[in-house]
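Enquirer: attaching a predicted model along with its sequence, questions to come.
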Amino acid sequence: EAGVAQSPRYKIIEKRQSVAFWCNPISGHATLYWYQQILGQGPKLLIQFQNNGVVDDSQLPKDRFSAERLKGVDSTLKIQPAKLEDSAVYLCASSLVSQTPEAFFGQGTRLTVV
Amino acid sequence: AQKITQTQPGMFVQEKEAVTLDCTYDTSDPSYGLFWYKQPSSGEMIFLIYQGSYDQQNATEGRYSLNFQKARKSANLVISASQLGDSAMYFCAMREEGGSNYKLTFGKGTLLTVNP
């Protein structure tokens, strides 16, 4: 079974530029999560999708971050414009349904804003 | 609001010995789940073990066991017979399961180093 795929693995951009990350969850998984992990901290949930609907985006900085999940499968997370404090690893995870204990994570995208 | 506390920034253990990683939590929801994840240097989070708040017995998965003490609100991870490959960051996490939003909240993590 293929795991959660994320791209790119690494990205360096200048502040005020825009960037997009892509996630392909495990086939059949209805729930998809985007987490932000700042160096030295645990992951923080940015947004949770159930199929193509948003369940929780309470910690998503909506003035600069946006996310969508097309047809309930792939998802993209965009930052526009980026700030220095957005430097972090962005992790995508998926689970069969939100109640399932086990969520599978991708390897993440490491973003550096200079 | 749910909160997870991991007070050990780093831990060292000798190969083949057991180690306990501490985790305390706070929640007002009577139904919740507790998790441990491993994050090696490659970056992905690997699910290790899950404990539901109503589970009577402590969860075990191979060399991993979760020491669940509900009254103390602690959910420590015990790794028996440590291996060099266990060196990684370990995160405790919880989610409230009484409603419809199963959001995971993570602690800050503990860096475990296994010495040969």
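Expert: Everything's here; your move.
Enquirer: in chain B, what helix or strand scores lowest on average pLDDT?
Expert: Sorting the helices and strands of chain B by mean pLDDT, DSSP states H and E puts strand B:105-106 at the bottom, at a mean of 92.
Enquirer: what are the contacting residues of it?
Expert: For strand B:105-106, the surrounding residues in contact (Cβ atoms under 8 Å, 6 or more residues apart in numbering or on different chains) are A:42-45, B:2-4, B:37, B:91-95. Backbone N, C-alpha and C define where each C-beta goes, glycine included.
Enquirer: need the residue closest to the centroid of chain A.
Expert: With distances taken as Cα atoms, centre = their mean, residue A:34 lies nearest the centre of chain A, 3.0 Å away.
Enquirer: circling back to that earlier point, just the contacts of strand B:105-106 now: which is nearest residue A:89?
Expert: If you rank those by distance to residue A:89 using Cβ to Cβ, residue A:43 comes first, at 8.2 Å.
Enquirer: checking the residue nearest to the closest one when sequence neighbours are not counted next. Helix, strand or coil?
Expert: Closest residue in space to residue A:43, ignoring its immediate chain neighbours: residue A:35 at 3.8 Å, by Cβ to Cβ, 6 or more residues apart in numbering or on different chains. Under the three-state scheme (DSSP: H, G, I helix; E, B strand; the rest coil), residue A:35 adopts strand.
Enquirer: hey, where'd the strands end up in chain B?
Expert: Ranges of strands in chain B, per DSSP state E, are B:3-5, B:10-14, B:19-21, B:24-26, B:32-39, B:46-52, B:60-61, B:64-69, B:74-79, B:88-96, B:105-106, B:110-115.
Enquirer: only the buried subset of the contacts of strand B:105-106, as a ChimeraX command please.
Expert: Buried residues among the contacts of strand B:105-106 (16 or more other Cβ atoms under 10 Å in any protein chain shown), as a ChimeraX selection:
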select /A:42,43,44,45 /B:2,4,37,91,92,93,94,95
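Enquirer: mind putting the strands of chain B into JSON lines with distance to residue A:86?
Expert: Formatted as JSON lines, the strands of chain B follow (distance: least, Cβ to Cβ, whole Å):
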{"stretch": "strand B:3-5", "distance to residue A:86": "24"}
{"stretch": "strand B:10-14", "distance to residue A:86": "27"}
{"stretch": "strand B:19-21", "distance to residue A:86": "30"}
{"stretch": "strand B:24-26", "distance to residue A:86": "28"}
{"stretch": "strand B:32-39", "distance to residue A:86": "20"}
{"stretch": "strand B:46-52", "distance to residue A:86": "25"}
{"stretch": "strand B:60-61", "distance to residue A:86": "35"}
{"stretch": "strand B:64-69", "distance to residue A:86": "34"}
{"stretch": "strand B:74-79", "distance to residue A:86": "31"}
{"stretch": "strand B:88-96", "distance to residue A:86": "21"}
{"stretch": "strand B:105-106", "distance to residue A:86": "19"}
{"stretch": "strand B:110-115", "distance to residue A:86": "24"}
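Enquirer: so for residue A:9, which of those sits nearest?
Expert: Across these, residue A:9 has its closest neighbour in strand B:32-39 (15.4 Å, Cβ to Cβ).
Enquirer: quick one: that closest one to strand B:46-52, angle?
Expert: 160 degrees (axes from the mean of the first three to the mean of the last three Cα atoms, to 10 degrees).
Enquirer: could you export strand B:32-39 as PDB, CA atoms only?
Expert: What follows is strand B:32-39, C-alpha atoms only, in PDB (Å, rounded to 0.1, in the frame of the first residue of the first chain):
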ATOM      1  CA  TYR B  32     -10.500  11.000  24.600                       C
ATOM      2  CA  GLY B  33      -7.600   9.100  23.100                       C
ATOM      3  CA  LEU B  34      -3.900   9.200  23.800                       C
ATOM      4  CA  PHE B  35      -1.200   8.500  21.200                       C
ATOM      5  CA  TRP B  36       2.500   8.200  20.800                       C
ATOM      6  CA  TYR B  37       4.300   8.900  17.600                       C
ATOM      7  CA  LYS B  38       7.900   8.400  16.600                       C
ATOM      8  CA  GLN B  39       9.700  10.900  14.300                       C
END
